[in-house]
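Asker: Starting from these lines, generate the structure:
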Amino acid sequence: MKQLFIDSMRSFVIVEARTEMALCVYPLVSSDDCKHDYLSLHQAIGQGMITISEVSQGGSVPELHVINRGKKHVLILDGEELKGAKQNRVLNSSVLIPPETDIIVPVSCTEQGRWSYASPNFQESGEAMPTSIRANKMESVSASLKLSGLHRANQREVWQDISEMQDRLKVASSTGALHDVYRNRDNELQNICDAFPIIENQCGIYVMINGVFAGMDMVSKPFVWSDLHQKIVRSYVIDTLDFPVNKFTPKPLDMSELTEMIENCEFRDFSSVGSGHDLRFENPALIGSALIFQDCVVHAAIYPRTAYDNHGSYHSPRNRSFR
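Answerer: From the prediction side, this is the model:
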């Protein structure tokens, strides 16, 4: 699994970066195309293939019920937000939902102050959890997997991170909903995101903030990335809305440095909640995960375990929100 993942990282073609404010985004184009046919959450919901609901009428905060009635797998990304039912949630890990099946998936709540039905089922919110919070959640899920084999996150820390972001960006929400932060700052977010349009055959992004590595996200199929591009870019942008801009001239990117760091990670292989394997890897500098199905890296995300802030210091994994 480790070598398969590293070889996949080496297959990327890195396109010239675009910059806006503090953000520098390198589009990733893969020379390999996964042979598996799967859909994004947006595509599956649009086709009426998938239903996501509470596990029962009473609900359970850390779990949701997913029914896939279609004949294709459906990919739901770690941190992809679901809106509705009794409270908004995000998945704790990326899951490839098998065709014609129903499963229970592990989630975290992103709306602390509501526990009442807004709708019978969930819809996509159109957003992904901010990268800084997603990275912290990845830390706690990876720790839970090592300890118990369960894809559980520290819910209290998720709420704390959301509350800190609301305070930092001066957004009030009656239910403590992460979605309200995005809605409140939507125009500003979109103006920055427009500087990073998707390109042909793109399947991911490598991101720097003021010249410091901030993360990498990719999927195996450009067709699926086309539905995720805006969500993922916005999840990076929202972390930088109050971030001062330092002068930074992007240079051609060489993935070899990141690949060498990945090679020095400790790898652990776990069963995914859906199809495939959940590969987790970490070292003092990086934390990451990859969803692998039948020799294909369907999704991967890599984040720094420390992050540069606007005072020139570094924070621990629990405080990496670029503030």
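Asker: Is G274 in contact with D102, as I believe?
Answerer: No: in this structure, G274 is not within contact of D102 by CB atoms under 8 Å, at 11.0 Å. Every residue, glycine included, has its C-beta placed from N, CA and C.
Asker: out of those two, which sits in the more crowded spot?
Answerer: Taking other CB atoms under 10 Å, G274 and D102 do not tie; G274 has more neighbours (23 against 14).
Asker: Can you tell me the SS state at that one?
Answerer: Three-state assignment for G274 (DSSP: H, G, I helix; E, B strand; the rest coil): coil.
Asker: need the contact list for it.
Answerer: Residues in contact with G274 (CB atoms under 8 Å, 6 or more residues apart in numbering) are H73, V95, L96, I97, P98, I103, V105.
Asker: Pull the contacting residues for the first one.
Answerer: The contact partners of H73, taken as CB under 8 Å, 6+ apart, are H36, D37, Y38, L39, L96, I97, P98, P99, G274, S275, F293.
Asker: Distance to E80 and pLDDT added to those, as TSV?
Answerer: Below are the contacts of H73 laid out as TSV (distance: CB to CB, whole Å; pLDDT from 0 to 100):
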residue	distance to E80	pLDDT
H36	19	78
D37	20	87
Y38	14	94
L39	13	95
L96	13	97
I97	12	98
P98	18	97
P99	19	97
G274	14	96
S275	17	97
F293	17	95
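Asker: Next step: those restricted to strands.
Answerer: Y38, L39, L96, I97, F293 (DSSP state E).
Asker: Among these, which pair sits farthest apart?
Answerer: Farthest pair in these (CB to CB) is L39 and F293. Separation: 13.8 Å.
Asker: if we can go back for a sec, now the ones in strands among the contacts of H73 as TSV including neighbour count and distance to D7?
Answerer: Formatted as TSV, those follow (neighbours: other CB atoms under 10 Å; distance: CB to CB, whole Å):
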residue	neighbour count	distance to D7
Y38	24	21
L39	24	26
L96	20	20
I97	27	26
F293	20	16
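Asker: Format those as JSON lines; extra columns: distance to Q57.
Answerer: As requested, the ones in strands among the contacts of H73 are exported to JSON lines (distance: CB to CB, whole Å):
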{"residue": "Y38", "distance to Q57": "31"}
{"residue": "L39", "distance to Q57": "29"}
{"residue": "L96", "distance to Q57": "28"}
{"residue": "I97", "distance to Q57": "22"}
{"residue": "F293", "distance to Q57": "33"}
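Asker: Just name the closest of these to Y182, please.
Answerer: Nearest to Y182 among these: L39, at 23.7 Å, using CB to CB.
Asker: Hmm, M49 and that closest one touching each other?
Answerer: Yes: the pair L39 / M49 is scored as a contact, 7.2 Å apart, by CB under 8 Å.
Asker: Overlap in contacts, these two.
Answerer: When contacts are counted by CB under 8 Å, 6+ apart, L39 and M49 are jointly contacted by G70, K72, V74.
Asker: neighbour-wise, which of those residues leads?
Answerer: Counting by other CB under 10 Å, top hit in these: V74 with 24 neighbours.
Asker: Quick check: it is in a strand.
Answerer: Yes: counting by three-state DSSP, V74 falls inside a strand.
Asker: Which residues does it form beta bridges with?
Answerer: Bridge pairing for V74 (DSSP bridges) gives the partners L39, I97.
Asker: just the contacts of G274 now: which is nearest M255?
Answerer: Distances from M255 to the contacts of G274, taken by CB to CB, are shortest for L96, at 25.0 Å.
Asker: got a list of what the closest one touches?
Answerer: Y38, H73, V74, L75, S272, G274, S275, G276, L291, F293, V298.
Asker: sec struct for the closest residue to L82 other than its chain neighbours, please.
Answerer: Leaving out its chain neighbours, the residue that sits closest to L82 by CB to CB, 6 or more residues apart in numbering is F122, at 4.0 Å. Remark: F122 carries the secondary structure label strand [criterion: three-state DSSP].
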